[in-house]
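> Sequence first, predicted coordinates after that:
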Amino acid sequence: MKISKYSITSIIAVFAVTALLSFGVWITLQKTIANVVQSKAETSAIHWAAYFYQNLEGIEDLIESGEPTDRQAAQIEAAVNFGEVFRFKLFQPGGKIALVSDEFRFKAEGASLSEINDKALRVYETGENYIEVNDGTQKENRPDLYVEAYVPVKNNSGENIGVVEVYVDQSEAGSILDAGFSWIALALPALCAFIYLIPSMAFLRKGQIAKRAKEEAEHLSKYDVLTGLLNRRSFAKLAKPLFGKNAADGDFIGMIYVDLDNFKKINDEFGHDGGDAFLRWTANAIEAELGTTGFAARFGGDEFVMCLPGVAHDQLRASAQNILKKVSKGTQHREKTIIGNVSVGIHFAPCFENLDDALHAADLALYKSKEAGKNTVTSYSEEMHAELKRRQQIERLLVNAVDGSGLELNYQPINDPVQKKILGFEALLRLKGDDGEIISPDKFIPLSEKLGLIIPIGKWALEEAISNAANWPEHMFVSVNLSPVQFGPNELPGFIEGLLKKYDFAASRLEVEVTESLLIGDDGNAAAQIQEIRAFGVSVAMDDFGTGYSSLSYFWKYKFDKLKIDRSFLKGFEENPASLKKLIETIINLGHGFGMTVTIEGVENNAHVDFLSSMRCDQLQGFHFGRPMLALDAASAISKDTLESISHDPITTCKTGTNAA
């Protein structure tokens, strides 16, 4: 059969059209495959990066130093050995490399950590992700197809603190897609009916992936990854519309602030994964009390906040107690039981209040729970706000007082019960308020310890006392109270020795007082410093004996030079002097048995003096002999050396021993 020229032309045209169609479909498929790969890789990179920087401990320190801890190193190696991510880089805010996951254990040859990566810098500044799809077939140590994704690293407040560049292996996904679609272009003559169906399906798939990625990203932006509770920002968005309404509405909103007690101890004992398990356990206890209208958030670290609209006050407190009880039952983790507690603050907030004030009130109540010994529930009261203002005022005064401004020392005499002579003085620290009034030490001393200011303040008090006492007669001593916090830095003995040399002050004329709170739980550090101080010749006294456990083991373990009997013993003098005499005599004999000088505080009248005169007590101290006085008045009292001429201000204790006298 003869084939016409037209037929040949038609056949050629068919082949040409088929070839063009095949080529066009092949190009379209390659683009589709690339888009699908990029979309999948972008989703993987964003999710991996978000989970990584939210769960890597101390990531802010790592970005700054570039030197991972052993635990961080283990987490990094685990991260790059899991899933499609095979490598990542951490960048500092300025675009410089902080760490490369496969190079942090050695210094890469020729690597420059000072160069600025423009892409990383742009992502940090704009907060927008940057994605690149790369062909790795011509590169060493790279998959055939991989994606580089630059993603901002954020802290718990949502602020950018750096950038992570994630390398995602897409070779397998690319191969699967390529194998699945390439045969279509080869078999196009038989499958022309489907040439529009396949790209449509591919694009539909891409749309589904993109939609799912968007939904997951939105979820991550609203919820805490570890506990599943809302994050702080989402909580505020839900809670704000409930507040700031007209007072006539009369609605109340229950606010509960929860904080784990001694959470660091749980982390230390069970590891951070154990700590995470206990955080989830606490979140479960909180969720069980939300009801149908309530919501809760993890505010960061070990703090949680609940909002219960329309709840009654009794219900609010009951929910808080239920959380307290459930959490304290503990949870199982790796065949171990983790036991912990929480402190809770609650506030029954009126609807006309604003959210910030309501949160602040609940937080104040939580602070009072912590102060009260933890593992308790406290309701907010207006007195807490006034107390906060007063505490803030004292904090401001203390910050300004580290150089002695606003501080002064008062001196209370310690006397010989027989000769009625002054043996020495106890130096008592005072803080002046803005109005000139004296603030009680039991208010500002604990606060200065908490703020870490007691160390410079304590140094000032020691030097001020020694410099004043250097002008007294050589037989008189000065006694200074020490805070347990002052023993922390392990520099107290050296500081005291330096002062003795500076003022040419005999060590036997200095006495330091410590309380039982220093001794409880001492790991040996305090004992070593006490013995070093005693080695100089300085006398060490145990203060406020009888107010705590008063363990006799302290006597032989710490080898005190003096025992000070607390003033509270003499308060029962009028009620039962006979029984009191037996008790005080027993303590005096006990002190003498251990070779200690014994001082009793709180002597306020002649009846006390007569009562104590036959008990062989070495020293007496109290308002009967003199109230705390300024240094000039102490000098005047010394010159007169008469007990009757002393009067001034109030306060606590003093020091010395017969050896010191």
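Perfect, thanks for sending it.
> Where do the helices of the stretch 301-450 of the chain begin and end?
In order along the chain, the stretch 301-450 of the chain carries the following helices (DSSP state H, counting those that start in this stretch): 313-328, 355-371, 382-400, 441-451.
> so what does the first one touch, helix or strand wise?
With contacts defined as 3 or more CB pairs under 8 Å, 6 or more residues apart in numbering; DSSP states H and E, the secondary structure elements packing on helix 313-328 are strand 252-261, helix 263-287, strand 303-309, strand 341-350, strand 377-379. C-beta: built from backbone N, CA, C; applies to glycine.
> Which of the ones you listed sits closest to Leu62?
The closest of the helices and strands packed on helix 313-328 to Leu62 is helix 263-287. By CB to CB, the value is 14.7 Å.
> So for the closest one, mean pLDDT?
Along helix 263-287, the predicted local confidence has a mean pLDDT of 94.
> Which helix or strand lies directly C-terminal to it?
Downstream of helix 263-287, the next assigned helix or strand under DSSP states H and E is strand 295-300.
> chain center to that next one, what's the gap?
The gap between the average C-alpha position of strand 295-300 and the chain average comes to 17 Å, counting by CA atoms, centre = their mean, to the nearest Å.
> Which parts of that strand count as buried, going by neighbours?
For strand 295-300, the neighbour count (16 or more other CB atoms under 10 Å) marks Phe295, Ala296, Ala297, Arg298, Phe299 as buried.
> Equivalent analysis for stretch 471-484, please.
Applying a neighbour-count criterion of 16+ other CB under 10 Å, one finds Trp472, Met476, Phe477, Val478, Ser479, Val480, Asn481, Leu482, Ser483, Pro484 buried in stretch 471-484.
> Near Val305, how many other residues are there?
Residues within reach of Val305, counting by other CB atoms under 10 Å, total 27.
> Would you map the helices across the stretch 101-250 of the chain?
In the stretch 101-250 of the chain, the helices defined using DSSP H, counting those that start in this stretch lie at 118-126, 171-186, 188-191, 197-222, 232-239.
> avg pLDDT for the shortest one?
Averaged across helix 188-191, pLDDT comes to 52.
> closest to Gln170 out of the helices and strands packed on helix 313-328?
Nearest to Gln170, of all these, is helix 263-287, at 30.6 Å by CB to CB.
> in the closest one, what counts as buried?
Neighbour counts using 16+ other CB under 10 Å place 263, 266-267, 270, 274-283, 285-287 of helix 263-287 among the buried residues.
> same for that helix, what does it pack against?
Applying 3+ CB pairs under 8 Å, 6+ apart, we find helix 263-287 packed against strand 252-261, strand 295-300, strand 303-309, helix 313-328, strand 331-333, strand 336-338.
> who touches the closest residue to Asp276 other than its chain neighbours in this structure?
Closest residue to Asp276 apart from its sequence neighbours, by CB to CB, 6 or more residues apart in numbering: Leu226 at 5.9 Å. Under the criterion of CB atoms under 8 Å, 6 or more residues apart in numbering, the contact partners of Leu226 comprise Gln54, Asn55, Asp276, Leu279, Arg280, Arg298.
> just Asn262 next, same as before
Asn262 makes contact with Gly340, Asn341, Lys374, according to CB under 8 Å, 6+ apart.
> where in the stretch 1-150 of the chain is pLDDT low?
Where the stretch 1-150 of the chain drops to pLDDT under 70, the residues are 1-26, 29-30, 33-34, 37-38, 82-83, 104-113.
> and if we set it to 50?
Counting by pLDDT under 50, the low-confidence segments of the stretch 1-150 of the chain come to 1-4, 6-7, 10-11, 14, 107-111.
> Show me where it has its strands.
Taking DSSP state E, counting those that start in this stretch, the strands of the stretch 1-150 of the chain run over residues 85-91, 97-100, 130-135, 145-154.
> Columns mean neighbour count and distance to Glu335 on top of these, output as a markdown table?
Putting the strands of the stretch 1-150 of the chain into a markdown table (neighbours: other CB atoms under 10 Å; distance: least, CB to CB, whole Å) gives the following:
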| stretch | mean neighbour count | distance to Glu335 |
| --- | --- | --- |
| strand 85-91 | 22 | 31 |
| strand 97-100 | 20 | 35 |
| strand 130-135 | 15 | 43 |
| strand 145-154 | 23 | 35 |
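> sorry, back to before: in strands only, show me the buried residues of stretch 471-484.
With DSSP state E as the criterion, strands contain Phe477, Val478, Ser479, Val480, Asn481 from among the buried residues of stretch 471-484.
> Out of those residues, the closest to Leu462 would be?
When these are compared for distance to Leu462 (CB to CB), Val480 comes out closest, at 5.6 Å.
> ok, so what distance separates the closest one from Gly595?
Val480 sits 22 Å away from Gly595, going by CB to CB, to the nearest Å.
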